[in-house]
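Trainee: what's the 3D shape of this:
(one chain, ligands or ions: 1)
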Amino acid sequence: MDDAITLVPAEPEDALAAAKLWVDAFHDKFLHALGQDPAPALEEWLQCSPGTFAHTTFARRGDDVLGCIQIYTAQEGAQDDVRAIWRIARRRLGLRRAISCMARFWVMDSYRIPKNELYVKTLSVDPAWRGHGIGARLLDYADAEARARGLSVVGLHVITENEGAIRFYERHGYRRSPKQGVWLGRWAADFDGCYKMTKCLTPERRAPHRS
Ligand SMILES: CC(C)(COP(=O)(O)OP(=O)(O)OC[C@H]1O[C@@H](n2cnc3c(N)ncnc32)[C@H](O)[C@@H]1OP(=O)(O)O)[C@@H](O)C(=O)NCCC(=O)NCCS
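Mentor: Sure thing, here's the model as predicted:
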């Protein structure tokens with residue numbers, strides 16, 4: 001892995017960089033539901049939610065943001081400011097797309113994080129930098145943060161169509177639960193549903209003490 005790539009906390013002034021990364025990473029998966037150019041709406045939403053950045057870590061190479069992960073605990077909750085998102089979506093995207101956008105948020109955002117879990121959101125890597133181990137490094141970071149906080153599980157949601165990511169998570173020790181969906185999602189957003197995936201962390205073995 002490229003030594004020049006470092007994991008660093010994101011700052012509120014990184015809203016544009018985060019929006020661009022997410023558009024590149026997720027456009028084909030679900031951001032197309034937000035229209036041709038979702039970056040300005042995403043950037044506006046991130047600027048309205050500066051608290052988001054307290055949970056966001058970037059993989060950076062110089063000024064470039066190559067990857068991102070967000071982590072949350074039960075105390076913090078992972079809920080977005082749904083009213084702010086609705087206002088921005090309604091104004092920028094029109095009624096139908098705004099409903100479609102909210103339907104997707106509904107499934108994943110109504111999730112209550114269990115007390116023993118570290119919850120991962122928006123794991124994403126710039127398409128030009130995939131296959132370089134950045135995704136694996138961001139998942140290792142989540143494992144380490146979970147252990148540091150005394151948590152035994154790392155969990156996330158992934159949409160059912162995202163087969164590449166599901167395989168990636170399974171290779172990294174995650175197991176999936178049965179599909180979750182909402183009728184509103186299928187009706188308004190052509191959204192089949194998602195899987196909850198979890199990884200149980202085994203306690204780290206200490207090296208045997210030699211005297
Ligand atoms: C899933 C994702 C984060 C993985 O990131 P990544 O940096 O490519 O991950 P890695 O390089 O650690 O591993 C990718 C795997 O695919 C293989 N691969 C090879 N070339 C690749 C390429 N061009 N693109 C993607 N994967 C590639 C790697 O060998 C590796 O296999 P391994 O796990 O058996 O070693 C990334 O593909 C992504 O951003 N996808 C779009 C956003 C998304 O769907 N996120 C998940 C939301 S739940």
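Trainee: where's the residue nearest to the spatial centre of the chain, which helix or strand?
Mentor: In the chain, the residue lying closest to the centroid (CA atoms, centre = their mean) is T122, at 1.5 Å. Using DSSP states H and E, T122 falls within strand 117-125.
Trainee: note down every partner strand of that strand and its orientation.
Mentor: The pairing partners recorded for strand 117-125 under DSSP bridges are strand 64-72 (antiparallel), strand 153-159 (parallel).
Trainee: among the ones you listed, which is nearest Y111?
Mentor: strand 153-159 (6.8 Å; CB to CB). Yep, even glycine has a C-beta here, placed from its N, CA and C like the rest.
Trainee: need the per-residue pLDDT for the closest residue to R175 other than its chain neighbours.
Mentor: The spatially closest residue to R175, leaving aside those adjacent along the chain, is T198, at 6.2 Å (CB to CB, 6 or more residues apart in numbering). T198 is assigned 98 on the pLDDT scale.
Trainee: return the helix or strand in the protein with minimum mean pLDDT.
Mentor: helix 183-189 (a mean of 57; mean pLDDT, DSSP states H and E).
Trainee: give me the element the residue nearest to R175 is part of.
Mentor: strand 194-200.
Trainee: list the buried residues of that strand.
Mentor: C194, Y195, K196, M197, T198, K199 (16 or more other CB atoms under 10 Å).
Trainee: what do you get for stretch 171-178?
Mentor: For stretch 171-178, by 16+ other CB under 10 Å, it's H172, Y174.
Trainee: check whether it comes near the ligand.
Mentor: Yes: contact between stretch 171-178 and the ligand, assessed by CB under 6 Å from any ligand atom, occurs at R171.
Trainee: quick one: average confidence on that stretch?
Mentor: 95.
Trainee: can you give me the first-to-last residue distance of it?
Mentor: The first and final residues of stretch 171-178 sit 18 Å from each other (CA to CA, to the nearest Å).
Trainee: got a list of what T52 touches?
Mentor: If you count contacts by CB atoms under 8 Å, 6 or more residues apart in numbering, T52 has them with L46, Q70, D80.
Trainee: whoops, I mixed them up, M197
Mentor: G155, L156, H157, V158, I166, Y169, Y174, R175, R176, S177.
Trainee: any regions of the protein where pLDDT drops low?
Mentor: Applying pLDDT under 70 to the chain picks out residues 1, 29-33, 78-79, 104, 107-109, 181-191, 204-211.
Trainee: all helices for it, in order.
Mentor: Along the chain, the stretches classed as helices by DSSP state H are 15-26, 39-48, 82-93, 95-109, 134-148, 163-171, 183-189.
Trainee: sorry, back to before: nearest to the ligand among the contacts of T52?
Mentor: Comparing those against the ligand with CB to the nearest ligand atom picks out Q70 as the nearest, at 10.8 Å.
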